[in-house]
Structure formats: structure tokens, C-alpha cells
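Engineer: Fold the following.
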Amino acid sequence: MNFSELGVSDNILQRLEENSITEPTEVQKKSIPEIFEGKDLLVESETGSGKTLAFSLPIIEEASGDNVQALILSPTRELAKQIAAEIEMASNVDVVTIYGGVDYKPQIEGAKTANIVAGTPGRVLDLLQKGKIDVSGLEFFVLDEADRMLDMGFQDELESIISFLPQYRQNLLFGATIPHGLKKMCDKYDIDPEIIRIKKSENTRNLEDKYVNAKRDEKVSMLYSLLKQRKRDLSIVFCQTKNTTRWLAEKLRKNGIDAQDLNGDMSQHQRENVVERFENSGESSDSSRSSESRDSSSGEIKVIVATDVAARGLDIDDITHVFNYDVPDTADTYTHRIGRAGRQGREGEAITLLEQNDHQKFRKIKRDLDIPRMDKEKIEMKDVQL
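Structural biologist: Now for the predicted structure:
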């Protein structure tokens, strides 16, 4: 099945082909026809499986005039901007991004003529309460990474936003998982969605995930060795705390890895700068020299050391490796972490460093997941400067 058979118009097909998008992914094949039929959807599909185009292509087909017809909410401004960029890639539809930390005025002016608003819950709610976004003609309400938004505590904001929306609208809820809280919210607001679940094997990801046992005092050396021994492009290292991200990024830089921390203590400008440099570093290494030999101040960042909150919304195809320096608390968080690598058919690898006291937590994570153990002896451990 191709995009034309899904009902996508010729002008959009041309835009997609110009960007080398020719075959729909599984989530697009299953979601787009249902959206065209006007159904509410609750879709479970992993990060990197093509969810953005799955919900945005039918919205683009319907967009016209100069009023807001679709409201798309995401947990982070980075993801909101990426959603807007994909919509602009596929169409000439007027889309505005709305998020906090920047001037209100351009967003308010943009919302006056935009067909689509892509934003974060806090700022969108703020402008709705101020009467600056007219949603009286809204046809589509989309939650992207809906499960993450609930995890991040946005439920109150989401429910307040819903109170401003027209009763008759199409609701499209997408996430890597479908938590119980999301189903409860659907019940509360009389949303009766068609449920679509995309199996892991049906996605475009080509990811190998594994774990390796590690003693606490050898974890930095093990991570450094894994980073050095692999042919990789961009990598994310996940930590549980902001302090650990700063400490670990500094240790990696000290040993020649161009790493940068990303956490909630940084200003939005700092975070955006790090993400931009990280994304621009994808596939930019000169084969005649080692990118690891330069300090991150040169502009290139090949490794981000991040907390879960800070990394949410990162949607970068050139990420080939994910390392869990600290074990995540839940299977859902694990799924979101490793979903950052191996996108668009590229090979990816995710490795969890497991301390002795992490085993009980990790057993719960791999209860429904087949995660093999990596032979520690195959890692050529290198000395590091601490």
C-alpha cells in the first residue's frame, strides 16, 4: 500500500517524494484511513515509527481558510517545533508553534491566521485563557506522546484545554504506550477511540538492545570503552539525576569524548543550543580525523548526557546509540529511551549498564521484553582519567 492508495493527494505526494518519503510506515497505513473516516483514535506505536505524518497528513488534506482547525499538543517545545517542521515539509499549510520561554507576541499574531497550532500544554492553555487562540472552528485535537504528557504531570492542563474546545471534534491520541490514565481520560470526556497497536516488529526501527553487568566503580570506564569501540553517529546517555548528567559529561569530555549534558537546570536557550549543535553534528564527522579528539566548545556534540525529562521530544534520525547509565524506573520509560536510536531503518544499539542493586528493578522491565545479556568479557576496558 502506498500513500496514494491511502488517499493522500498528488501535491502532497510530490512534497513527500522530494524528501525521499515514498513508502508509508505501518502506523501510517493503519491510522490514515481511519482518520479520513472521521474516527477518534488511540494509537500505540514506538518512537520513530512515523506517527507525526500519520496524524498530520489527513489534517493537512482538510486544512483551509484562515482559522485554527487543528490543535496538536506535545510534551516539549522541541517536539512541537519538529511537528511543525514536518507539516511544513509536506505542505503549504500555515502552522504556528506555541511554547513558553519566548515572547508572546509572534505566537499570538501567528495564531490569528494559522490553520494548525502545534504547542506545549502550558503556553497553549495560557493563550486560550487570555482569549488569544480562537478554537471555535477546531476540527482536530491531537495529543502526541500523550503517555509522556501524563507522566510529566500535564493532566490538569490537558483537561483545562479540553474545556475550551468544541464538543464535536476528532480526537487523535498517539503514544509509545497506552497507560491506564490515558484510557481514564478518554472515558471522562466521552472519547470512544478506535485502538491501534503497532507491534515492535512492524516498525521501521532496526534496534538491538542488551544489558551488561557492571560494578559501580567501573561504569565510567565501561561507558567510555563502549563509546570508543563502536562505529556510531550520535549517542544519548541517560541518567536519573541532573547532577549525574553534569558529572558524567565532564568526565567524558576529560577523556576526549565530545559530550554535553542536557537537563532541566539549563535555560531554554541553552537547551536549544545543545540540541541544535547535537543535531547538526549528525553524519558530519570528517573521516580523516577523530571527532572525539575535539572539545565540545568547538561546536560539535556527538554525545548528549541527559535526564528523561530533558530528552523528551528529541526526534533525530542520526542517533545510532542509546546508553542507560542509570536503569529507568519503568518499562515505558525504557521503551521511550531506546526508541531514540535506530530510526528510519538505520541500525541502532541500546545498552543498559546494570549494577548489582539494579537487578530487581530491571527484572520488572524485561518481564515482557526480550533483552539479552551482553558478555562483559568482550568489552575491551580502557583506562579513564577521573
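
Engineer: And the helices in the stretch 251-386 of the chain?
Structural biologist: Counting by DSSP state H, counting those that start in this stretch, one finds helices in the stretch 251-386 of the chain at the ranges 268-280, 308-311, 331-338, 359-365.

Engineer: sorry, that was for the stretch 51-200 of the chain
Structural biologist: So, for the stretch 51-200 of the chain - with DSSP H, counting those that start in this stretch - the helices run 51-62, 77-90, 104-113, 121-129, 146-151, 155-164, 180-188.

Engineer: export the shortest one as CSV, just CAs?
Structural biologist: What follows is helix 146-151, C-alpha atoms only, in CSV (Å, rounded to 0.1, in the frame of the first residue of the first chain):
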residue,chain,number,x,y,z
ALA,A,146,0.2,11.5,25.2
ASP,A,147,1.7,9.0,27.6
ARG,A,148,4.7,11.2,28.3
MET,A,149,2.5,14.2,28.9
LEU,A,150,0.7,12.3,31.6
ASP,A,151,4.0,11.1,33.1
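
Engineer: got a list of contacts for it?
Structural biologist: By Cβ atoms under 8 Å, 6 or more residues apart in numbering, the surrounding residues in contact with helix 146-151 are 73-75, 121, 143, 155, 158, 173-179, 181-182, 185, 312, 332-333, 336. Heads up, the C-betas are built off the backbone N, CA and C, glycines and all.

Engineer: Number of residues surrounding residue 264?
Structural biologist: 11 (other Cβ atoms under 10 Å).

Engineer: so who does it touch?
Structural biologist: By Cβ under 8 Å, 6+ apart, the residues touching residue 264 are 242, 307, 309-310.

Engineer: among the residues you listed, which two are most distant?
Structural biologist: 242 and 309 (9.2 Å; Cβ to Cβ).

Engineer: returning to that earlier point: is it possible to export the helices of the stretch 251-386 of the chain to JSON lines including mean pLDDT and distance to residue 38?
Structural biologist: JSON lines is the format used below for the helices of the stretch 251-386 of the chain (pLDDT from 0 to 100; distance: least, Cβ to Cβ, whole Å):
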{"stretch": "helix 268-280", "mean pLDDT": "83", "distance to residue 38": "36"}
{"stretch": "helix 308-311", "mean pLDDT": "76", "distance to residue 38": "35"}
{"stretch": "helix 331-338", "mean pLDDT": "84", "distance to residue 38": "30"}
{"stretch": "helix 359-365", "mean pLDDT": "89", "distance to residue 38": "38"}
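
Engineer: Now tabulate these in TSV and tack on distance to residue 234 and mean neighbour count.
Structural biologist: Converted to TSV, the helices of the stretch 251-386 of the chain look like this (distance: least, Cβ to Cβ, whole Å; neighbours: other Cβ atoms under 10 Å):
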stretch	distance to residue 234	mean neighbour count
helix 268-280	6	17
helix 308-311	12	20
helix 331-338	14	21
helix 359-365	24	14
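
Engineer: which residues are contacting stretch 368-381?
Structural biologist: So stretch 368-381 is contacted by 209-214, 218, 221-222, 225-226, 229, 331, 334, 351-352, 365 (Cβ under 8 Å, 6+ apart).

Engineer: Which stretches in this structure count as strands?
Structural biologist: All strands of the chain, identified by DSSP state E, fall at 41-44, 70-73, 95-98, 116-119, 140-144, 170-175, 194-197, 206-213, 234-238, 259-262, 303-306, 319-324, 347-354.

Engineer: Least reliable of those by average pLDDT, please.
Structural biologist: Per-stretch mean pLDDT for the strands of the chain is lowest at strand 206-213 (a mean of 88).

Engineer: one step back: would you list the helices of the stretch 251-386 of the chain in TSV and tack on distance to residue 193?
Structural biologist: Formatted as TSV, those follow (distance: least, Cβ to Cβ, whole Å):
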stretch	distance to residue 193
helix 268-280	32
helix 308-311	26
helix 331-338	19
helix 359-365	27
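
Engineer: ChimeraX command for the buried members of the contacts of stretch 368-381?
Structural biologist: Here is the ChimeraX selection string for the buried members of these, based on 16 or more other Cβ atoms under 10 Å:
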select :209,211,212,214,218,221,222,225,226,331,334,351,352,365
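
Engineer: mind showing which ranges of this structure have poor pLDDT?
Structural biologist: 200-205, 283-299, 312-313, 344-345 (pLDDT under 70).

Engineer: tell me the domain boundaries of it?
Structural biologist: Structurally, the chain divides into domains by automatic domain parsing as follows: 10-201, 205-378.

Engineer: between the contacts of residue 264, which is closest to residue 37?
Structural biologist: residue 309 (36.3 Å).

Engineer: Look up the closest residue to the closest one, ignoring the ones flanking it.
Structural biologist: Leaving aside its sequence neighbours, residue 309 sits nearest to residue 264 (Cβ to Cβ, 6 or more residues apart in numbering; 5.6 Å).

Engineer: cool, and residue 145?
Structural biologist: Closest to residue 145 by Cβ to Cβ, 6+ apart is residue 75, at 5.3 Å.

Engineer: residues near the one you found, how many?
Structural biologist: 23.

Engineer: Can you list phi and psi of it for me?
Structural biologist: Main-chain dihedrals, residue 75, degrees, to the nearest 10: phi -70, psi -20.

Engineer: Please apply the same query to residue 325.
Structural biologist: phi -70, psi -40.

Engineer: The residue nearest to residue 83 when sequence neighbours are not counted and residue 224, how far apart?
Structural biologist: With Cβ to Cβ, 6+ apart as the criterion, residue 83 has its nearest non-adjacent residue at 4.6 Å, and that residue is residue 118. Taking Cβ to Cβ, to the nearest Å as the criterion, residue 118 is separated from residue 224 by 38 Å.

Engineer: higher neighbour count, the two?
Structural biologist: residue 118 (30 against 21).
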